[in-house]
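Engineer: My questions concern the predicted model and sequence given below.
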Amino acid sequence: MKILCVAEKNSIAKEVTNILSGGSSRTRDSSYKFVKNYDFTYNFPRLGQCQVTMTAVSGHILGTDFGPEYAWGRCPPGRLFDAPLVTKVAADKDKRSQKIHDNIVKESRNADKLMIWTDCDREGEHIGWEIMHIALLKNPRLNHLGTWRAQFSHLEPAHIVAAARDPKLLDMRLVEAVECRKEFDLRVGLSFTRLLTNVYKSRGLVGDKEVVSYGTCQFPTLSFVVDRYLRVKNFTPEPFWLLNVVVERNGQKVPFTWSRGNIFDKAFVAIIYTQLLRAPNDAKITHVGTSPTSHYRPFPLTTVELQKCCSLFFKMSAKRALDAAELLYTAGFISYPRTETDRFPANMDLLSYVNKQKQDAKWGAYALKLADSGAFRQPRAGKHDDKAHPPIYPVKYTKLDTLKPDQQKVYEFVVRRYLACCSDDARGFKSTVNMEWCKEQFSATGVQVTERNYLDVYIYQLWQSSQLLPDFQQGQAANIHSAKVKEGKTSPPEYMTERELISLMDVNGIGTDATIAEHIDKIIQRNYISRRKMGTKEVFIPTSLGVALIQAFDAILKDRISMSKPFLRRALEGLLQKIARGEITRQDVVNQLLPMYKEAFTETNRMSSLLADTFTETNRRISENT
DNA sequence: GCAAGGTC
């Protein structure tokens, strides 16, 4: 029997080959230089000894487009809402897709079975379907039932062997969901992009080579930055007043906080302040207490959390962090780095991965303590599960100095985060002292950390004991050292940072783990937003074009659906998940949602002069400001 | 010249 195996990328094909063949395989070139064909034999349970060829694609091979009669300029943009879709081999400049396509046709000709080894997520399932579709062109045996689907989520040998021995079928519901997404992104993206570009260009508002694009992910992303920018710009600071009281005890000066906090009425604070000053000996300690407090260990690691942490701890951009993680994954050191899951499956042997870290010079002693002296704890379980991949964890040990600098940081972080997850919470005590002075309440607090636990390995987080409070006694008079009225000002929100933008996109389902960083780059290229240094921080500021686009869309569609808010994309995502669960069909979704987009298009087209006017107006306002 | 999603 001959089996053709196809992975999503060459590095996976190579690694799976290594595992299944026990290291003895023959390598042949394919028509595409970054994809190899690996030949070996393997014993499949129901088939016996088989001749296996393992090859790969490089992401999607087929693309969805419109026919030539719907090219830019050949038809009104609105026609793209009902123009027929054409699926064909993607046209890329080095003919990569065509070469990969040809390799699959050739290698599948004599195969008895096709086995799909793409990533186990929605897009991976769709790529698997593309591969099957291509293989079926010249080999009728490789239909849906002749095609196996290997399910795996990391490259540990035992796991890969298990996947090879227990193949499933392709899940066509996932394939349908992806087809649906592609249809919406294409119809809406191209029609609005052509409309916007035509309008701005005909008024001479953008350069000849420029494109004013609309994308279902680009605009919600832009909208987050614009909303924040306007909130900062429109902010008016308000003054407030508060009381600062310092009590002296055993020679130690202890600041107390006023329970009323910041007050916006100056006269009110002044009245109370006068009362206090009239009765300097009236202050009394009313309560002294100590209660346990803790810092929870972190949740298991997701992609977005990885990107946020790398941005915060190492000042590494989302793109760089993911690139480093990807390399660590293909080298077999960490599990698949694109996951939304923040809970480990119940049956996973978590302790075995702790054991593998015992040998390290920096964190080995901690791992040893976790594993061998009963300090190991089952990690907390978050609420997210993508049903495809577990949280990111260190699969295999490696010495840091074998890795490149970015990978060192990311690997060390993944390990420390994992060990922290498997540790106990940090514990301590919080002491509170309450004081009453002329019926006003004040309090002072102190923290004592007694058990550091996970903090010892998760060195990125600080929790330290504060200065010890002196020995106050309940009922005792308090010796006021000083009392002052302080004036403050409310401060505006900060401009959007990359870390916050990633969070917002993630929460609202804008883009995927792998594309969030790209959407941000795209709207920078389009001159909708720009990066700017503010002190030590880097923030995003929208351009006048970016502000105008959002404001014009909001004005035109104020009573209809919003093209700039995340609502539509989120609604689509929810419906895609229903398709994936088999509750509705792709056609149901098209019938329900496409008319709403089309209506928004018609209205935008009708009021297109407003788009240009808003831009002219924003430009004028901003140049007046500067 | 246009989208978003894979991948390099």
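Structural biologist: Good, I have the coordinates.
Engineer: Give the partner strands of the strand or helix carrying A:Thr64 in its sheet and their orientations.
Structural biologist: Taking DSSP states H and E as the criterion, A:Thr64 maps to strand A:62-66. In the sheet, strand A:62-66 lines up against strand A:85-89 (antiparallel) (DSSP bridges).
Engineer: Check which element follows the strand it pairs with along the chain.
Structural biologist: Scanning forward in sequence from strand A:85-89 by DSSP H and E, the next helix or strand is helix A:96-108.
Engineer: C-terminal to that following helix, what's the next element?
Structural biologist: Per DSSP H and E, the helix or strand that comes after helix A:96-108 is strand A:113-117.
Engineer: Report whether that following strand contacts DNA strand B.
Structural biologist: No. Judged by CB under 7 Å from any atom of the strand, strand A:113-117 stays clear of DNA strand B, getting no closer than 11.9 Å. Yep, even glycine has a C-beta here, placed from its N, CA and C like the rest.
Engineer: Hey, what's the angle from that strand to helix A:96-108? Just curious.
Structural biologist: Calculated by axes from the mean of the first three to the mean of the last three CA atoms, to 10 degrees, strand A:113-117 forms an angle of 140 degrees with helix A:96-108.
Engineer: tell me the contacts of A:Pro493?
Structural biologist: By CB atoms under 8 Å, 6 or more residues apart in numbering, A:Pro493 lies in contact with A:Arg228, A:Arg231, A:Val232, A:Phe235.
Engineer: redo that, cut-off 10 Å
Structural biologist: A:Arg228, A:Tyr229, A:Arg231, A:Val232, A:Phe235 (CB atoms under 10 Å, 6 or more residues apart in numbering).
Engineer: that older thread, when you scan the strand holding A:Thr64, is anything in it near DNA strand B?
Structural biologist: Yes. Judged by CB under 7 Å from any atom of the strand, strand A:62-66 comes into contact with DNA strand B through A:Gly63, A:Thr64, A:Asp65, A:Phe66.
Engineer: Among the contacts of A:Pro493, name the buried ones.
Structural biologist: Neighbour-count burial (16 or more other CB atoms under 10 Å) applied to the contacts of A:Pro493 gives A:Arg228, A:Tyr229.
Engineer: For the strand holding A:Thr64, the averaged confidence score.
Structural biologist: Mean per-residue pLDDT for strand A:62-66: 95.
Engineer: List the buried residues in that strand.
Structural biologist: A:Leu62, A:Gly63, A:Thr64, A:Asp65, A:Phe66.
Engineer: likewise stretch A:607-616?
Structural biologist: Residues A:Ser608, A:Leu610, A:Leu611, A:Ala612, A:Thr614, A:Phe615 are the ones in stretch A:607-616 that count as buried (16+ other CB under 10 Å).
Engineer: could those go into CSV alongside pLDDT and distance to A:Met534?
Structural biologist: Listed next are the buried residues of stretch A:607-616 as CSV, based on pLDDT from 0 to 100; distance: CB to CB, whole Å:
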residue, pLDDT, distance to A:Met534
A:Ser608, 89, 36
A:Leu610, 89, 33
A:Leu611, 88, 30
A:Ala612, 85, 31
A:Thr614, 88, 27
A:Phe615, 85, 26
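Engineer: Could you report the neighbour count for A:Gln408?
Structural biologist: A:Gln408 has 17 neighbouring residues, counting by other CB atoms under 10 Å.
Engineer: Grab the nearest non-local neighbour of it.
Structural biologist: If the residues on either side of it in the chain are set aside, A:Gln408 comes closest to A:Leu400, at 4.8 Å by CB to CB, 6 or more residues apart in numbering.
Engineer: Number of residues surrounding A:Pro220?
Structural biologist: When counting by other CB under 10 Å, one arrives at 25 neighbours for A:Pro220.
Engineer: quick one: contacts for the residue lying farthest from the centre of chain A?
Structural biologist: Distance from the C-alpha centroid of chain A, by CA atoms, centre = their mean, peaks at A:Arg278 (57.3 Å). By CB under 10 Å, 6+ apart, the contact set of A:Arg278 is A:Cys438.
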